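In: Here is a sequence with its predicted model. Questions after.
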Amino acid sequence: MRLHSSMLRNTWKNLKTIIFVKYLRILKRKETTETFRLSNISKVLIVRLDKVGDLILSTPVFENIKKTIPGSKITALVRSYNSGVLKNNPFIDQILEYDKFADRQKLKTDNYDLAINLIYDFSLESSCACYLSRAKYRAGYKDQYSKEFLNIMIEKDKAPKYELLRNLDILKSLGFKTDVKKSRLYPAKSEDDYTSAYFESIGVEKNDLIIGFNPGTGRKRREWPLEKYVALGKVLTVKYNARIIVLWGSADKTIALKIVKSIGPNAFMACKTDIVQLASLLKRFKLLVCGNTGPAHAAIAMDVPLVGLYGENDHINWTPEDKSKLRILSAKRCRNIEVADVLEGVNSFL
């Protein structure tokens with residue numbers, strides 16, 4: 001019997017967690033923590049070590065903390081590959097990258113009053129980072145091993161919920177304001193200049209109808225087939241004279257190229273972008289057709305209409321309550337979503 005690679009990864013992850021927790025129980029220093037009061041908080045660490053989309057959905061956390069404690073210093077601990085999400089964010093004072101040794105060392109010496117681990121399901125790395133910050137108060141969701149790392153544990157609401165609201169539930173439990181319920185990205189003039197130069201280079205003008213496609217998702221079950229993107233693109237270029245911009249990452253550049261070539265002269269490869277350059281690019285789009293992945297969350301953050309392609313029930317945790325700029329198309333596997341249904345979703349925004 002052949003073991004699936006994901007089973008092996010999960011087994012190793014669970015074993016590593018058990019070993020680390022046992023080790024921590026032996027060496028852990030004793031703590032006496034005073035009752036938590038917002039009035040005692042001035043330096044806050046937010047830990048979010050997962051994907052780009054998850055970090056985008058965490059952006060209201062920083063804004064709400066600043067609005068509750070205007071003079072607070074907020075540090076974000078993230079991965080190097082998703083730190084760009086927070087570029088130009090006016091509510092963050094410092095960004096540390098967990099991948100960098102110097103930043104991990106700085107984490108231990110910054111004397112935080114409060115560290116918050118936003119990840120809903122237990123993560124050893126995120127929990128450990130929260131603990132190593134030596135913050136007086138360390139908060140996060142209650143889980144099997146969370147008491148070893150945290151001293152404020154928040155009960156989980158296990159009902160399906162938009163991930164952005166799960167992040168705000170932690171703040172609410174701690175007494176912070178949670179009035180801001182909107183994710184945001186902050187492209188600056190330099191990003192806008194970069195994308196303007198790109199559009200000029202391909203001959204796309206401001207009055208042109210621009211529709212974005214994002215074929216990459218990182219997971220097979222979330223992928224919409226190449227031939228369906230091509231069929232949709234051909235209809236949109238003929239019916240509306242639309243310019244199709246195909247977004248890509250290193251893993252799906254080949255697929256993006258095939259889509260562009262198959263649609264014809266009105267389709268273009270997007271310029272290479274980081275996340276805030278992508279946000280700037282999206283501002284010129286009439287809408288984006290995309291699966292459940294980072295660019296979909298970027299579109300929502302930038303108020304760009306989204307025709308979202310979701311696996312069965314995926315949209316429940318990954319789309320906002322306000323659906324005014326969102327059309328959800330869902331099937332057990334994304335490949336089963338019909339071109340005609342996506343076209344209908346696109347037409348609703350045109």
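Out: Thanks, I have the structure now.

In: Disregarding residues adjacent in the polypeptide, which is nearest to L168?
Out: Among residues not flanking L168 along the chain, T178 sits closest, at 4.4 Å (C-beta to C-beta, 6 or more residues apart in numbering). (C-beta placed from N, C-alpha, C; glycine too.)

In: which residues touch that neighbour?
Out: Each residue near T178 by C-beta atoms under 8 Å, 6 or more residues apart in numbering is listed here: P60, N64, L168, L171, K172.

In: same thing but at 7 Å, please
Out: For T178, the contact set (C-beta atoms under 7 Å, 6 or more residues apart in numbering) comprises N64, L168, L171, K172.

In: unless I'm mixing things up, V346 is touching V307, no?
Out: Yes - assessed by C-beta atoms under 7 Å, V346 is found in contact with V307 at 5.6 Å.

In: hang on, I328 in a strand?
Out: Yes - I328 forms part of a strand when assessed by DSSP: H, G, I helix; E, B strand; the rest coil.

In: Please identify which helix or strand holds D341.
Out: Using DSSP states H and E, D341 falls within helix 339-347.

In: pLDDT of that helix, averaged?
Out: Computed over helix 339-347, the mean pLDDT rounds to 97.

In: Now do the buried residues in it.
Out: Using 16 or more other C-beta atoms under 10 Å as the test for burial, helix 339-347 gives V339, V342, L343, G345, V346.

In: show me the contacts for the last one.
Out: The neighbourhood of V346, defined by C-beta under 7 Å, 6+ apart, consists of L236, L287, V289, V307.

In: So the third one, which state does it fall into?
Out: Three states are possible here, and by three-state DSSP the one that applies to V289 is strand.

In: For the residue lying closest to it once chain neighbours are set aside, list the residues it contacts.
Out: Nearest in space to V289, with sequence neighbours left out and distances taken as C-beta to C-beta, 6+ apart, is V307 at 4.7 Å. V307 is in contact with L287, V289, R327, L329, V342, G345, V346, counting by C-beta under 7 Å, 6+ apart.

In: In JSON lines, list those along with distance to A188.
Out: Converted to JSON lines, those look like this (distance: C-beta to C-beta, whole Å):
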{"residue": "L287", "distance to A188": "24"}
{"residue": "V289", "distance to A188": "27"}
{"residue": "R327", "distance to A188": "30"}
{"residue": "L329", "distance to A188": "34"}
{"residue": "V342", "distance to A188": "33"}
{"residue": "G345", "distance to A188": "32"}
{"residue": "V346", "distance to A188": "30"}
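
In: which residues in the stretch 101-250 of the chain form helices?
Out: Here the stretch 101-250 of the chain has its helices, by DSSP state H, counting those that start in this stretch, at 101-107, 124-132, 163-174, 189-201, 226-240.

In: of all those helices, which lies closest to T273?
Out: Closest to T273 of the helices of the stretch 101-250 of the chain is helix 189-201 (C-beta to C-beta; 7.7 Å).

In: buried set for that closest one?
Out: Applying 16+ other C-beta under 10 Å to helix 189-201 flags E191, D192, Y194, T195, Y198, F199 as buried.

In: Please parse the protein into its domains.
Out: As assigned by automatic domain parsing, the chain contains the domains 36-174, 189-347.

In: can you tell me how far T195 sits from L236?
Out: 21 Å (C-beta to C-beta, to the nearest Å).

In: Then P90?
Out: Relative to L236, P90 is positioned 37 Å away (C-beta to C-beta).

In: next one: T75
Out: Applying C-beta to C-beta to T75 and L236 gives a distance of 44 Å.

In: Contacts only, for the residue nearest in space to the middle of the chain.
Out: Against the mean C-alpha coordinate of the chain, by C-alpha atoms, centre = their mean, the closest residue is G53 at 1.4 Å. Neighbouring residues of G53 by C-beta under 7 Å, 6+ apart: T293, G294, H297.

In: Relative to D314, how far out is it?
Out: 12 Å.

In: same question, F62
Out: 26 Å.

In: thinking again about what came up before, who wins for proximity to E34 among the helices of the stretch 101-250 of the chain?
Out: Short answer: helix 163-174, nearest of these by C-beta to C-beta, at 14.4 Å.

In: residues of the closest one that come out buried?
Out: Applying 16+ other C-beta under 10 Å to helix 163-174 flags E163, L164, L165, R166, N167, L168, D169, I170, L171, L174 as buried.

In: Now tell me what touches it from outside.
Out: With C-beta under 7 Å, 6+ apart, helix 163-174 has contacts from 36, 54, 57-58, 60-61, 64, 116, 118, 120, 139, 154, 157, 178, 181, 183, 317-318, 320.

In: can I get the contacts of T178 in a markdown table with pLDDT and distance to T217?
Out: A markdown table is the format used below for these (pLDDT from 0 to 100; distance: C-beta to C-beta, whole Å):
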| residue | pLDDT | distance to T217 |
| --- | --- | --- |
| N64 | 98 | 30 |
| L168 | 97 | 26 |
| L171 | 97 | 30 |
| K172 | 97 | 31 |
